[in-house]
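In: Below is the structure, and that's it, no one-letter string:
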């Protein structure tokens, strides 16, 4: 969050309908855990992931800490021992459980955590009129924060279930609202983006994270972006052409990673030749050659682009192309249940800019010119992660509808691929 | 299991009351998980430990595999995918889940595993008359195997709960049957053991594991054993004397371990000076200076003995001293619920030979002269672990009553200490 | 190397005086190893470093492979087994010795490697007229490549000698040509850089590496750069203020690194309070508070800048400021012998832009718009390292005079600090 | 060293001819480094190994520290900084260089270390009459200690040269004194050892290490030992039979090791089918099927024995068989230059008990009954290593002639195999 002109203001004013959105987001989170048992909700599949129960509690801790504890006089913590358990990474908030130990917290139970959510919700709603007026920015941040964790909750459950040889399904039907048969045409078009100065970053009056600001000018060289993301079918062609064995296609770090981890396909794939399955929130499914490839790392995305004679877009190129498009369209999360990327119907312009898969860019995640962090613990929200990661744009099938925007900067390490991550090609003209 | 004279016979005939003991052991296991929630039963605190649910299923897999599948014509597996999940280490039984992944098996659920137990029990009981006659040795092995896992289940839960900052208690009262106030006198007596040839190993007609056989002769040099295990109070004296910082007391590997792991007290201890607490199955408790020290590694036990001007007993010395004593006496597991070591009343001879704490010996775990493994997968039961480990004797507060005997050889790696492990001093005369 | 318009041309034409520069560079390398014994030249202090003997041979392998083997018909390799030993990282050139094993190559001997140099030099000089005409770009690349290894040779020897408890000196007098007493004033001035479009990258007709091209436009926001690098005295103030213990100053990865490696001072420093020594090529020396701080990582540089209320410059800001300055001025390598950073005399503009210490920028090392790699093995020269690293600008006391230029992009991983790395502050206006 | 009755006496009196033996041993060490260059002598191939120069210096440090410094009034250390470099593992002697850093000590030079040897030798010889009388046990210990390092020096050089792709030879002719064509017959005989009490350990009046004492009684069960070690030809049969892929043959730790390290042949072997070469001190040589297999780990030896329907001997069985044989016979080190195991001529009894290859026993390396360490630093000589290792008996082709005896206990970790280690089969009767 930047603090451009007013030390007391974390960011821009909150968007409209704060109370309704608060209720809706909290309810969606609750619905996401319905398919889970107590053990499912407590397990941690790897240090990068967190138990679903932890997501439930941590998002609640965020509201309790920065709203109730800090802003509501006389508020008493639900349990003074729990902040140690449910603080994620805020150094300014003191000691905390080691990240890799989150799966050992079998107590408090899921029922206790749900009770924690209820009580914090009640306290927040009681204090809401005043909080909304004086700390609407923090409330908005808490809502947006919980939306981020909704997506993480789903990707972490996917990772957990994928590790189970029984291959349990989180939901029966991965795409509930999509019309069948709307296959993306295999033809991909190049759409030119012009040379010149463009605006980058968020400059409007709604909510945005601190890392999207300040808005600033950037200069683009002539380039073109692909009309749609790379598909599974194209990825299989890369694999058949020996892409995972051709050192010359890879960044040096990527090549080390491929050999060390014996990577030979996207995460969650099994099979060979043309016959591939992928593990999804609906269990094992045949790979759809028309759907966007998903669960690839930056290293893989970069190698694919090199193989294709192209490159990844910069975040500025991507943002310039996406500005003006409706970010609430596309395959996104808008109800409880399972999700997976799928082919979208063709249109004249760009397909799948928002939703479907996060798109790796070639831009390292670094601060914008003039970037400043907010004072206090919330200043740790984004800024301290600005090394060693790459920017992703757009959003995925698991991104809550309404959360995406053109200036949004998601970021992960170049080897990570348990998120819904794909790519769109670009080239210089 | 040795197979001395009959290729069809795994070991000695089973003991009496096979059906009753089968029922009782299975029932005790079921009772042990009553205090646990679904998540408690599914979590794995470290690669050395296993989830309680896994113990439930693995012991059942053992009966299903070696009795029902192998010996009951027409038996159909409960679920053909489950052996992959619940085989522990039997290479001859094929591929299996990596040990460190056991905590990710949130499905099957605890209820499904309990159902698995019920169905396997029913099938076994239906086939029991014939099984008992022709494969009583395997049935006996399955019962003894499950008793071993009862102790592991408790020590693994202790390890899991100890990792939880909230310090949850598994049971309310750690020692239910013990009379209070029966403190072990601080005076420790030396009891001499004579020089000469003694019998080592199991030579009777009941059940014993293959690693206790064959019975053989061993020659003992003049020596004495302590009348009781080393106490917490004595251990605190060692700590106050700088025992953990004195390189000269330690084996080289032990000293490396102490520094690498920053070890400065027994496992599960916290505090300083004279004021120490230990985490038990009943939660955090004050350290009782009169009770046997517990949760120390072989390295620590060896260093303590050196500090005390003594040494650890050999397994042959220990066995010769214990022969003839009643192995069913002492603080042992005989009901559901929590357990911890405690001071025992004084007597004229040895105290706490059986129960209370496993006692590290100075004997590396190696095969007895003439040792042979059984053919097939059960031959992997003990023999393949005969390197890099040390023998422990006696049994602990968590060893099921009736399971211990003088010839019993427990074994762990020298750095391991999450079991109920202590020590008794010895010296050469 | 970009290949913009002519597939046969690696880069721009070579600079003038190719033969003289070839001889001079090869002679300087030979002089750098004079203070070394056979063992000094063969040892490898860490995987990131290489033995001096390996640098001698690898730079020669580069000429032998890409000039003699590829371009001189009938040339026979000095030894067909040596390319396996002395290829650094060129995948297209086949299998090679693992990097961490370079210190085990005690044979060939130093004398044999020197003989290798002589024979390759002779063959090159014999073929030079034709090579210079047709492959001048490769010859120039070989010369520039060897200059890079001259600096690495010195920093690797420094790292090796620093690991020796005896603290041997590589040379007696660290700064041979510098006038004594020219202390940098402690006052640091801010020099403004304007907003607007600037040129970035190399656009002239001389030699530049492929990663500096193509020249392109970049947009700068208003900013200012410090007139000189941060000094040791300022760094000691940071340390005294608890900089290494203040989580809030550090990037998340940096804070992990500081704790994991227990970092509390620049590399090669020992001491406490105000009394610090640093290990140099001339052995242990008192830290000069007026000299630029050196051997700090990107993480440290970034944390210092945050502590100082500033930031690191972007590479474009740095380049715009440096354009037009004489890159051959300053404390640089121009003879055999030892070197270390030192305070420079004040002047009206920027001090120490070139030489003294490499300056960390805040720019991740990524390709310029339109960047293309050359075909073949030399295409691996720079491009494949464009992830996970940060750009450094300027040059150091160990950079051969004549090698630096404003568009030069050096790059290292954010934790690395065995190079002569320091920083210059910047701030947004 | 035990100290049975006299606190001032480290062990038994020294053997005869102390001065002559001192000179001869020191001269042999000097001759061993003649084939080495300065870099060869300084490199360390792995943490388990040490540079030859370090062996030269460490053995000298041993004499300087425990004889000259401790026992000769007024002696001044050659260099007070060197003990930090050349103390191996004696905690009581203070801080020391980390073991894995020994290869970085390029200074002092080899010439300086040789000078160190000369000066310490001169000082010792000057003080010898008095030292021999009062501290003959320490002098003897120093001589025996240096003999141990002669063997280590050769095995460490072999390991270093084996890591060099050029495969340099340490010496031209691996077996200088052996008559050619004396092939060991492929027939192996079983030689019975009787049941009953035998003496174990050293009970005579000459020199022995503390770990061989005190002499004591041990009881042997009926058994037989093979007349000769296992040959390369027999090992190839094991390999062809899938020995390295048959989990059932391996100890659990051994199987983990085989898979983790991808072990498929003895160390230093390359080839396939029947066509194998091994790297020796004389470079790459064809594997001789009649020669004893060498460079196998305990895990491999144990798996081979299981495959052969046999087992490894206990150290007591081996010692009882070897007692009375001439330990100075066989293929052993008695001059400078290269060595390797080779087939020995047949005889009526045991072949190759001493020399040729160290023979793994099935005995864990633990203290003998009544074992006591000497006071002070020399008490760390053997005792602190008595966990996690296995006993080897006999000696190898690189053991200095005169150093071996039946009671000698060599010891290494079960995965280590860079020593000249083989095996002899045993079986219970």
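Out: Perfect, I can see it now. Note that the coordinates shown come from a computational prediction; the quantities given were computed from them, not determined experimentally.
In: residue contacts, the residue lying closest to residue A:369 once chain neighbours are set aside?
Out: The shortest distance from residue A:369 to any non-neighbouring residue, by Cβ to Cβ, 6 or more residues apart in numbering or on different chains, is to residue C:221 (4.0 Å). Just so you know, the C-beta spots here come from the backbone N, C-alpha and C atoms, and that holds for glycine as well. Residue C:221 makes contacts with A:216-217, A:369-370, C:195, C:428-429, as judged by Cβ atoms under 8 Å, 6 or more residues apart in numbering or on different chains.
In: before we move on, what about residue A:43?
Out: Residues near residue A:43 by Cβ under 8 Å, 6+ apart: A:51, A:103, A:160, B:39, B:42-43, B:103-104, B:106.
In: now do residue A:106
Out: The contact partners of residue A:106, taken as Cβ under 8 Å, 6+ apart, are A:42, B:37, B:39-40, B:42-43, B:160, B:164, B:168.
In: phi, psi of the residue in chain A that chain D sits nearest to?
Out: Nearest residue of chain A to chain D, counting by Cβ to the nearest Cβ: residue A:262, 13.2 Å away. When read as degrees, to the nearest 10, the backbone of residue A:262 gives phi 50, psi 50.
In: since we're on it, how many residues are nearby?
Out: Residue A:262 has 7 neighbouring residues, counting by other Cβ atoms under 10 Å in any protein chain shown.
In: Of the contacts of residue C:221, select the buried ones using a ChimeraX command.
Out: With 16 or more other Cβ atoms under 10 Å in any protein chain shown as the criterion, this ChimeraX line picks the buried residues out of those:
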select /A:216,217,369,370 /C:428
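In: quick one: which two of the contacts of residue C:221 are the most distant?
Out: Farthest pair in the contacts of residue C:221 (Cβ to Cβ) is A:217 and C:429. Separation: 14.8 Å.
In: can you tell me the residue of the stretch 251-400 of chain A closest to chain B?
Out: residue A:283 (11.6 Å).
In: again with the stretch 101-250 of chain A
Out: Counting by Cβ to the nearest Cβ, the stretch 101-250 of chain A gets nearest to chain B through residue A:106 (4.1 Å).
In: Quick check: which element contains that residue?
Out: Counting by DSSP states H and E, there is no helix or strand that carries residue A:106.
In: what sits against residue A:404?
Out: A:327-328, A:332, A:354-355, A:394-395.
In: Show me what whichever helix in chain A runs longest is packed against.
Out: Across chain A, the longest stretch assigned as helix under DSSP state H is helix A:110-162. In terms of contacts (3 or more Cβ pairs under 8 Å, 6 or more residues apart in numbering or on different chains; DSSP states H and E), helix A:110-162 is packed against helix A:18-32, helix A:38-42, helix A:52-63, helix A:70-71, strand A:275-280.
In: ok, and what's touching the second one?
Out: By Cβ under 8 Å, 6+ apart, the residues outside helix A:38-42 that reach it are A:33, A:51-53, A:56, A:103, A:105-106, A:109-110, A:157, A:160, B:37-39, B:41-43, B:53, B:106-107, B:109-110.
In: measure the nearest residue to residue A:322 once chain neighbours are set aside to chain C for me?
Out: Sequence neighbours aside, residue A:406 is the residue nearest to residue A:322 in space, at 4.1 Å (criterion: Cβ to Cβ, 6+ apart). Look at residue A:406 and chain C: by Cβ to the nearest Cβ, to the nearest Å, they are 19 Å apart.
In: host element of residue A:406?
Out: Assigned by DSSP H and E, residue A:406 falls outside every helix and strand.
In: From residue A:199, how far off is it?
Out: 10 Å (Cβ to Cβ, to the nearest Å).
In: again with residue A:264
Out: According to Cβ to Cβ, residue A:264 stands 41 Å off from residue A:199.
In: more neighbours, the two?
Out: Neighbour totals were compared for residue A:264 and residue A:199, and residue A:199 leads with 15 against 12 (other Cβ under 10 Å).
In: Just to be sure, the more buried one is in a helix?
Out: No - counting by DSSP: H, G, I helix; E, B strand; the rest coil, residue A:199 falls outside a helix, being strand.
In: give me phi/psi at the closest residue to it other than its chain neighbours?
Out: Nearest residue to residue A:199, sequence neighbours excluded (Cβ to Cβ, 6+ apart): residue A:215, at 5.7 Å. Phi and psi for residue A:215, reported as degrees, to the nearest 10, are phi -60, psi 140.
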